[in-house]
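In: the sequence and its predicted three-dimensional model are supplied below.
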Amino acid sequence: MDPMRVFVTVGTTQFDGLVQAVTSTEFLEGCLPPQSEVVVQYGRGPVPSFGNKKKDVKVRAFDFSNSLQDEMEHANLIISHAGAGSIMEALGPSPSSSTKNQKEPLKTVVVVIHAALMDNHQLELANALEKRGHIFVVHDPILLQQSETFRQIQQFCPIPFSGGDGGLDFATLVHDELGLSPE
């Protein structure tokens, strides 16, 4: 298996469960191929300590950045909390893709639900985008440490997201999923 570049983001929140899962020995050694790189944006949480790395996996972490675009552009796997802004940024086209003649391979976006947040309001958006084939959803961050989950992520073939879905704009997509009528 080829090395991977994994970018993990929790946005402006604190999502210790996600950060702990992707910095664990189980994830770094059990799921990633050697020579991979993991970059973790950990937000308001504590600075992560990375698990025992017997494989040659490079790791780096930071709290906040003015833009995550460069990290997302260079990753081939993006693992994100379920915040709408982070999901939309991860699904969006990279600026360099419009200047290239060749088509870039589609990035896999994995969205991890933070069940402790506000009645789990992020679940509706994640479910809507998963149902349409744009993202892979993980409902508990601990599942990222399991090789079976990681195998499913690697086999996932995302459908490109073009800013709307089936002719619907983003607001309509959210309204439909929540069962609201557009104004």
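Out: That came in fine, so what should we check first?
In: what ranges does this protein have for its helices?
Out: In the chain, the segments counted as helices under DSSP state H are 16-22, 25-30, 69-74, 84-91, 122-131, 147-155, 170-178.
In: burial measure for Gly85, as a count.
Out: 11 (other Cβ atoms under 10 Å). Yep, even glycine has a C-beta here, placed from its N, CA and C like the rest.
In: Gly11 is in contact with that one, correct?
Out: Yes. Here Gly85 lies in contact with Gly11, judged by Cβ atoms under 8 Å, at a distance of 6.6 Å.
In: for the residue most central in space within the chain, give me its contacts.
Out: Nearest to the geometric centre of the chain sits Ile79, at 2.4 Å (Cα atoms, centre = their mean). Contacts for Ile79 were tallied using Cβ atoms under 8 Å, 6 or more residues apart in numbering; they are Val6, Phe7, Val8, Thr9, Leu18, Val22, Val110, Val112, Leu144.
In: so it versus Glu26, what's the distance?
Out: 15 Å (Cβ to Cβ, to the nearest Å).
In: repeat that for Ser86.
Out: 24 Å.
In: okay, those two: which has more neighbours?
Out: Ser86 (23 against 16).
In: verify the contact between the more buried one and Gly11 for me.
Out: Yes. Using Cβ under 8 Å, Ser86 is in contact with Gly11, at 4.6 Å.
In: could you tell me which residues touch both of the two?
Out: Both Ser86 and Gly11 are contacted by Ser80, under the criterion Cβ under 8 Å, 6+ apart.
In: count the residues that sit near the nearest residue to Pro33 once chain neighbours are set aside.
Out: Distances taken as Cβ to Cβ, 6 or more residues apart in numbering put Met1 closest to Pro33, at 4.1 Å, once the chain neighbours are dropped. As a burial measure, Met1 scores 8 neighbours (other Cβ under 10 Å).
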